[in-house]
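*Asks:* predicted model follows, preceded by the sequence.
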Amino acid sequence: MATLQKKYDELLKKYNKLKEEKEIAQAALDLTDHVISVIDIPNHTLFKFQKENENLLKAPHITDVPYSIVALGIIHPDDCENYINLFKEFYGGSPSGKLALRIKTIDKGWNWYMFYYKTIFDMNKTPIKAISFLEDINDQKTAEEQFEQYKKAVNEGNHLTWEANLSKNEVISYDAHTDHIIKNKKSYSELLKGAFSLFANVNITEELAQLFARDKLIETYKRGEKEVTYQFKFEDKRTNEISWYRATAYLTSQEEDIFVIMSIIDITKHVDEHLKLEKKAEQDYLTGLLNRETVQERINYILNDDGLHAMIMADIDNFKFYNDQHGHIFGDEIIKCVAQSMKETFRTSDIIGRIGGDEFVIFMKDVRSQDDVLSRLGHLQKRLIEITHEHIKGKDVTLSLGVTLSSKDDTFLSMYKRADEALYQSKKDGKNCIRFHLLQS
């Protein structure tokens, strides 16, 4: 009897859980305007959810997807290949993905949508279902296309310029590129609004509009200032391409009126060159890792905040032997392999630097415990063997590793001293091992 009761309780628990999950799913469906579908992967069949239809099997369905949908002519011809390839992705086991495409609608014609999917797997990790939904992104795409036209004009002439009488709020003249983008704008305020609206998805648009507003510039000139400059960044969400621009207002007066010559200049090339030089100054020339000065500065900055961090000193075992036997070019290849294995093993938030000939430092930010560090270093040792076997045939390159965890009031130098002592112990104990410097409690 007790066994039956236990079985009943388990079934009741499962039933309640399934009921709860169904209610959550239905609530999510009720709250969204997106078109949600389920694709049966083995049978290549799409079931379209409808809010009034609780049973998936009663919902409208389409077989032989994606080819049957393409055959209907509702996918834009330029997007058909990408649409088919997207289905091949989750049919092949891709866990998730998305695609922007045009779909023909009754009332809008070709409309832009973002197609998202998430794949569901069975216990054997075989893809069985894909949940998908369509999000209307037509307004966003229209804005992107307008910006592409603007960017083309800027790239051709590298700038937009116009002249205006601020006192009378009248545009006097503007160049051909400005004319192409901002047509029939008679007042300075209209032209300014049109120019900055091209950067509608940049969070500093409002600040730009206020800074270069007509009344603001008049006040600025009356204070004795004759130039206003603002540098800003634009990120194209579709391509992740970043561009930099400088907006400048040159102020002057004639008789009683105040005038402005306004320009928006593409300075992307200049900024990129500056950033490359700045990055080069922070990096080790051979490995691309951070140099000692940059490592020390960044670690000291992190140590100003609370948190548990780890510093690891790494030294290549028998490096002098490799240099003496095979030459410095061979030694440089080993150093590059070590650097590559570190880049692939540690997180982007961690700090990795080369601070000497064959000496490296790794700073793991916000670790949970000593075990976290040991696990990561185990991956490093394994990855280093794999990389060196690939690039340096027949050589097993190993590291001696010294580790210390951070404590209150630590600095780069105090942690470096402890990690270096642990590294010395690692070499003393036969190399190719990990030693911790344990703090006195």
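*Replies:* Perfect, thanks for sending it. Numbering: from 1, shown residues only.
*Asks:* for the nearest residue to Thr248 once chain neighbours are set aside, which three-state class applies?
*Replies:* Excluding the flanking residues, the one nearest Thr248 by Cβ to Cβ, 6 or more residues apart in numbering is Thr229, at 4.7 Å. In short, each C-beta sits where N, CA and C put it, glycine included. Secondary structure, DSSP: H, G, I helix; E, B strand; the rest coil: Thr229 is strand.
*Asks:* what is the neighbour count of Lys226?
*Replies:* 12 (other Cβ atoms under 10 Å).
*Asks:* quick check: beta-bridge partners of the closest residue to it other than its chain neighbours?
*Replies:* Of all residues not flanking Lys226 in the chain, Leu251 sits nearest, at 4.8 Å (Cβ to Cβ, 6+ apart). Residues in a beta bridge with Leu251, per DSSP bridges, are Val260.
*Asks:* check contacts around Leu251.
*Replies:* Going by Cβ atoms under 8 Å, 6 or more residues apart in numbering, Leu251 touches 166, 217, 220-221, 225-228, 258-260.
*Asks:* of these, buried ones?
*Replies:* Neighbour counting by 16 or more other Cβ atoms under 10 Å classes 166, 217, 220-221, 228, 258-260 among the contacts of Leu251 as buried.
*Asks:* wait, which of those is closest to Tyr174?
*Replies:* Val260 (11.8 Å; Cβ to Cβ).
*Asks:* who's in contact with the closest one?
*Replies:* By Cβ under 8 Å, 6+ apart, the neighbours of Val260 are 163-164, 166, 188, 217, 249-252.
*Asks:* just the helices in the stretch 51-200 of the chain please.
*Replies:* Remark: helices assigned in the stretch 51-200 of the chain by DSSP state H, counting those that start in this stretch are 67-71, 80-91, 138-157, 176-181, 188-197.
*Asks:* also the stretch 251-400 of the chain?
*Replies:* With DSSP H, counting those that start in this stretch as the criterion, the stretch 251-400 of the chain has helices spanning 268-282, 292-302, 319-326, 328-345, 370-391.
*Asks:* how about TSV for those, with distance to Asp139 added?
*Replies:* Formatted as TSV, those follow (distance: least, Cβ to Cβ, whole Å):
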stretch	distance to Asp139
helix 268-282	26
helix 292-302	41
helix 319-326	59
helix 328-345	40
helix 370-391	45
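*Asks:* just put these in TSV and tack on mean pLDDT and distance to Phe436.
*Replies:* Below are the helices of the stretch 251-400 of the chain laid out as TSV (pLDDT from 0 to 100; distance: least, Cβ to Cβ, whole Å):
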stretch	mean pLDDT	distance to Phe436
helix 268-282	72	29
helix 292-302	91	18
helix 319-326	87	23
helix 328-345	91	18
helix 370-391	91	7
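*Asks:* redo those as a markdown table? Include mean neighbour count and distance to Leu308.
*Replies:* Formatted as a markdown table, the helices of the stretch 251-400 of the chain follow (neighbours: other Cβ atoms under 10 Å; distance: least, Cβ to Cβ, whole Å):
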| stretch | mean neighbour count | distance to Leu308 |
| --- | --- | --- |
| helix 268-282 | 12 | 26 |
| helix 292-302 | 16 | 11 |
| helix 319-326 | 14 | 31 |
| helix 328-345 | 18 | 19 |
| helix 370-391 | 16 | 9 |
